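A.B. asks: Need the 3D shape of this:
(one chain, ligands or ions: 1)
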Amino acid sequence: MTPMNRRWFLGASAAGAALEATRASVKAETAALPPRTPMSHKPQPLPFDPARIKGLSEKLLVSHYENNYIGAVKRLNAIAQELATIDFDKAPGFQINGLKREELIATNSMILHEVYFAGLGEGNAPGADLAQAIDRDFGGFERWRSEFLGMGKALGGGSGWVILTYDKHGKRLVNSWANDHTQNIAGGDPLLALDMFEHAYQMDFGAKAAQYVKIVMEAFNWSNADRLYARYSKA
Ligand SMILES: [Fe+2]
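C.D. replies: Next comes the predicted model:
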């Protein structure tokens, strides 16, 4: 063995031994890890009187809130319990992947439903700061409205969300598209959401998704979006 090869061999052996030692140490620590206390989420109350949203029945709104929103929160808590107790050192990849995927879906379903319900009310207009940002980024409220409405109608017959999002990366507002709960812009904060899953409208509108979109847009209460925009755009 030449001197150069010997130096390389000794260096590689030392690095290999260090890696093995680290692995053994991580394994020992992991084996000793106790289950952690899972985070528990509490459902938010419905922020409006479900009998007073024009064009959407109380039966539809209560069903949506109880079955889909509270269902997502309960599912998330159940997943958190599982994740707190499984042994990540021994669990098969499909179990870890499945639980983490379902955790992401339930988390985003919870968050987006909270934004959706907080955006419903007796219908009003955005406050001055948000209105100015909409003018800046969409060329006017009517242009924003036309885009958001068109995106909602385009998702009819399928499923997903249309979300007015504050994009922290670009420091701008964008209407983002998602055909499931997991597709918001990375780094995007939802301000206002339109639920286009069938459970949000089928009971009242059958397959007439476009009619539902128009009704919801008339019922948008912008107070929550104003509050969120102030928080995110100044962060
Ligand atoms: Fe929903």
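A.B. asks: mind checking how far Val216 is from Ala193?
C.D. replies: 10 Å (Cβ to Cβ, to the nearest Å). For the C-beta atoms, the positions are set from N, CA and C on the backbone; glycine is no exception.
A.B. asks: Also Pro34?
C.D. replies: With distances defined as Cβ to Cβ, the gap from Pro34 to Ala193 amounts to 38 Å.
A.B. asks: Up against the ion, what does the protein have?
C.D. replies: Remark: the part of the chain in contact with the ion comprises Asn68, Asp195, Phe197, Ala200, using Cβ under 5 Å from the ion.
A.B. asks: So which residues of this structure form helices?
C.D. replies: Taking DSSP state H as the criterion, the chain carries its helices at 3-32, 58-63, 70-85, 93-118, 128-138, 141-155, 202-205, 209-218, 223-234.
A.B. asks: wait, what's in contact with Pro92?
C.D. replies: With contact set as Cβ atoms under 8 Å, 6 or more residues apart in numbering, Pro92 has no partners.
A.B. asks: again, but for Glu147
C.D. replies: Phe138, Asn175.
A.B. asks: returning to that earlier point: more crowded one of Pro34 and Ala193?
C.D. replies: Ala193 (25 against 7; other Cβ atoms under 10 Å).
A.B. asks: Look up which residues are beta-bridged to the more buried one.
C.D. replies: As for beta bridges, Ala193 partners with Ile163 under DSSP bridges.
A.B. asks: hmm, which helix or strand of this structure has the shakiest average pLDDT?
C.D. replies: Counting by mean pLDDT, DSSP states H and E, the weakest-scoring helix or strand in the chain turns out to be helix 3-32, with a mean of 56.
A.B. asks: Can you check what pLDDT the model gives the closest residue to Ser233 other than its chain neighbours?
C.D. replies: Among residues not flanking Ser233 along the chain, Tyr166 sits closest, at 6.2 Å (Cβ to Cβ, 6 or more residues apart in numbering). In this prediction, Tyr166 carries a pLDDT score of 98.
A.B. asks: got the contact list for Tyr166?
C.D. replies: Tyr166 makes contacts with Arg172, Leu173, Gly188, Asp189, Leu191, Leu228, Tyr229, Tyr232, Ser233, as judged by Cβ under 8 Å, 6+ apart.
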